[in-house]
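*Asks:* structure here, sequence nowhere to be found:
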């Protein structure tokens with residue numbers, strides 16, 4: 001597989017090896033298919049950008065035309081740890097057994113590996129070691145993913161006015177859950193970057 005640019009600002013990608021990394025089977029990408037492209041530069045920095053299949057090109061080597069956005073919209077990702085995003089999301093906290101009554105709250109930040117949860121003053125779950133975090137993530141495509149994440153309580157820290165932050169680590173999340181979280185965070189990062197460019 002290889003790529004290059006042409007005068008129309010398109011990224012051309014070889015079609016000889018289009019495999020689904022999860023199934024190992026050949027992936028057929030139709031015109032209009034949207035996806036994320038990940039690449040690394042000579043300094044081994046890893047970047048991601050949104051792209052779309054614009055069409056096919058016939059020739060000695062079959063090619064696919066992919067949309068290449070402006071470099072300013074590329075998002076640099078961390079390789080050794082999950083990117084953490086400051087975002088407020090509705091979430092529900094459920095006990096592992098019956099240690100407390102389930103309740104709804106908001107996130108302070110989230111990553112594919114854990115989250116920080118806002119707790120009101122007097123919430124008595126400090127002694128709990130594990131719990132379940134339930135949330136719904138809406139992607140740009142309109143898909144809604146419902147996640148039920150078994151989590152380990154790392155610590156509880158105090159905020160202003162006696163409120164607290166519950167810091168949790170996700171325990172053995174599925175590959176689908178990790179990919180959904182990473183995609184959601186990436187899309188939010190792209191939105192934030194685009195808004196910053198238009199300020």
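*Replies:* Sure thing, it's come through. Small disclaimer: the values here were computed from a predicted structure and weren't measured.
*Asks:* CA only for contacts and neighbour counts going forward, please
*Replies:* Will do.
*Asks:* give the rounded mean pLDDT of the longest strand belonging to the chain.
*Replies:* If you go by DSSP state E, the chain has its longest strand at strand 144-158. Strand 144-158 shows a mean pLDDT of 92.
*Asks:* now do the contacts for residue 161.
*Replies:* If you count contacts by CA atoms under 8 Å, 6 or more residues apart in numbering, residue 161 has them with residue 121.
*Asks:* quick check, it in a helix?
*Replies:* Yes: according to DSSP: H, G, I helix; E, B strand; the rest coil, residue 161 belongs to a helix.
*Asks:* what sits up against the longest strand of the chain?
*Replies:* With CA under 8 Å, 6+ apart, strand 144-158 has contacts from 114, 126, 128-138, 164-173, 177, 180.
*Asks:* which neighbours does the following helix or strand past that strand have in its sheet, and in what orientation?
*Replies:* Sequence-wise, the next helix or strand downstream of strand 144-158 (DSSP states H and E) is strand 164-170. Taking DSSP bridges as the criterion, strand 164-170 forms sheet pairs with strand 114-119 (antiparallel), strand 144-158 (antiparallel).
*Asks:* just send those back as JSON lines, with mean neighbour count and distance to residue 186 too.
*Replies:* Converted to JSON lines, those look like this (neighbours: other CA atoms under 10 Å; distance: least, CA to CA, whole Å):
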{"stretch": "strand 114-119", "mean neighbour count": "23", "distance to residue 186": "16"}
{"stretch": "strand 144-158", "mean neighbour count": "16", "distance to residue 186": "15"}
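*Asks:* which stretch among these comes nearest residue 53?
*Replies:* Minimum separation from residue 53 across the strands paired with strand 164-170 (CA to CA) falls at strand 144-158, 23.1 Å.
*Asks:* so where do the helices sit in this structure?
*Replies:* Taking DSSP state H as the criterion, the chain contains helices spanning 175-197.
*Asks:* what about residue 177, how many neighbours?
*Replies:* 17 (other CA atoms under 10 Å).
*Asks:* low pLDDT regions in the protein?
*Replies:* Flagging of the chain using pLDDT under 70 yields the residue ranges 1-28, 40-46, 59, 61-62, 77-81, 126, 197-199.
*Asks:* change it to 50
*Replies:* When residues are selected by pLDDT under 50, those of the chain lie in 1-2, 15-17, 19, 21-24, 80.
*Asks:* show me what contacts the residue lying closest to residue 83 once chain neighbours are set aside?
*Replies:* Spatially, and ignoring its direct neighbours in sequence, residue 83 is nearest to residue 111 (5.7 Å; CA to CA, 6 or more residues apart in numbering). By CA under 8 Å, 6+ apart, residue 111 lies in contact with 82, 83, 84, 85, 181, 182, 185.
*Asks:* over to residue 31?
*Replies:* Going by CA under 8 Å, 6+ apart, residue 31 touches 52, 53, 54, 55.
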